[in-house]
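> no sequence on this one, just coordinates:
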């Protein structure tokens, strides 16, 4: 097999991953995914909202539902009390021994949970997923160009992971996309969307940096005002005791991360990867710091060079999958933004070396990362996400570099 200076040609060009084959794989994956999800949810409807493994359908959603119930019952501060929060979760499942799903979110997210907690558990889960999927669709609409891309997005394994876990990755990805992609045309809407990411701030930290170096001052101002306003409203709703309980709970979040209570196989950050292979806490934190710092510097340089909103959205979202030590497999939904942008750029200008294989690796990683980490103790997510990040950064830094394939060969 011929070799280039940078690696085997089958990786460099990935001619085996042609358009017809990619479309066929996506359709097969989509059918299998949604059949499995339908069977999973049907089992839950027939068995007290529990899945075949005895866990709640939407495994993490009991955390949101219970927190919302406590807020409705005028005890919002107890959402941050493990015992009280766990009691409400247990009561929802008729005494079945379900595991505990922690609540580390700030009070503005607690306010979001309240309307969904008015419904019975399974109805609340369905409404939550439908609402957040709508936000995702609105955010990603500028990047989804045709039906084939829509199918590939629906089949993206992070979609199934988010639904199966009853999580909020649709919401965070949709808000980040909406905020970055509308910065040119609607800076007010852009800032409002990004300000709403105060509900999950550790995934939003790269957006202000990207917008700062892209010169989006109005968007930054609106984002800051929106975030402050949401915090003020939540303070008026829940008062100081709830905010103090949330801040105190921060220590529990760090303990959960450092002791691997969520599971280093489920966590997808460089920190968790280092812990998975046996690194000490100082080494793991040092590695995470080095990765985060390098990604921040590269993101700043790229956003300064290429201020196109779609490019900035791609680099910011790719960076978000790398800079936070607290990243779970469903959070990889964020990778949809750089993957869609990179794919659209390749269709317009041709694929560059290693882009196809980087896209393939990022696309399939949410489906296999936890399995590989559990069985082989090998963290693949940081490598796959860094490869995707590098491909986006290379496009932004060298927009006129030659391609391996002609345009529209995708």
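Perfect, I can see it now. Every value quoted in this text rests on a predicted model; they were computed, and no experiment measured them.
> what helices or strands is the host helix or strand of residue 90 leaning on?
Using DSSP states H and E, residue 90 falls within helix 82-92. Applying 3 or more CB pairs under 8 Å, 6 or more residues apart in numbering; DSSP states H and E, we find helix 82-92 packed against helix 61-72. C-beta here means a position set from N, CA and C on the backbone, and glycine is covered the same way.
> name the residues that touch the helix it packs on?
56, 76, 78-79, 84-86, 88-89, 92-93, 98, 101-103, 105, 110-111, 113-118, 121, 124-125, 128, 165-168, 237-238 (CB atoms under 8 Å, 6 or more residues apart in numbering).
> please redo it, this time with the cut-off set to 6 Å
For helix 61-72, contacts defined as CB atoms under 6 Å, 6 or more residues apart in numbering pick out 56, 78-79, 85, 88-89, 101, 103, 110, 113-114, 116-117, 121, 124-125, 166.
> check which residues of the next helix or strand after the helix holding residue 90 are buried.
The helix or strand immediately downstream of helix 82-92 is helix 107-116, counting by DSSP H and E. Within helix 107-116, the residues scored as buried using 16 or more other CB atoms under 10 Å are 107-114, 116.
> pick the one among those residues closest to residue 60.
Closest approach between those and residue 60, by CB to CB: residue 113, at 12.1 Å.
> what is the neighbour count of the nearest residue to that closest one once chain neighbours are set aside?
Take residue 113 and drop its neighbours on the chain: the residue closest to it by CB to CB, 6 or more residues apart in numbering is residue 68, 3.4 Å away. The local packing of residue 68 (other CB atoms under 10 Å) involves 27 other residues.
> so residue 68 versus residue 116, what's the distance?
6 Å (CB to CB, to the nearest Å).
> ok, back up a step: select only the buried ones of the contacts of helix 61-72 in PyMOL?
The PyMOL command for the buried members of the contacts of helix 61-72 (criterion: 16+ other CB under 10 Å) is given here:
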select buried, resi 56+78+79+85+88+89+101+103+110+113+114+116+117+121+124+125+166
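> and for the strand or helix carrying residue 178, what are the contacting residues?
Here residue 178 sits within helix 169-181, counting by DSSP H and E. For helix 169-181, contacts defined as CB under 6 Å, 6+ apart pick out 132-133, 135-136, 139-140, 142, 162, 190, 193-194, 196-197, 200, 203, 309, 312-313, 316-317, 330-331, 333-334, 337.
> mind listing what's buried in the helix or strand following it?
Next in sequence after helix 169-181, counting helices and strands by DSSP H and E, comes helix 187-195. Neighbour-count burial for helix 187-195 flags 187, 190-195 (criterion: 16+ other CB under 10 Å).
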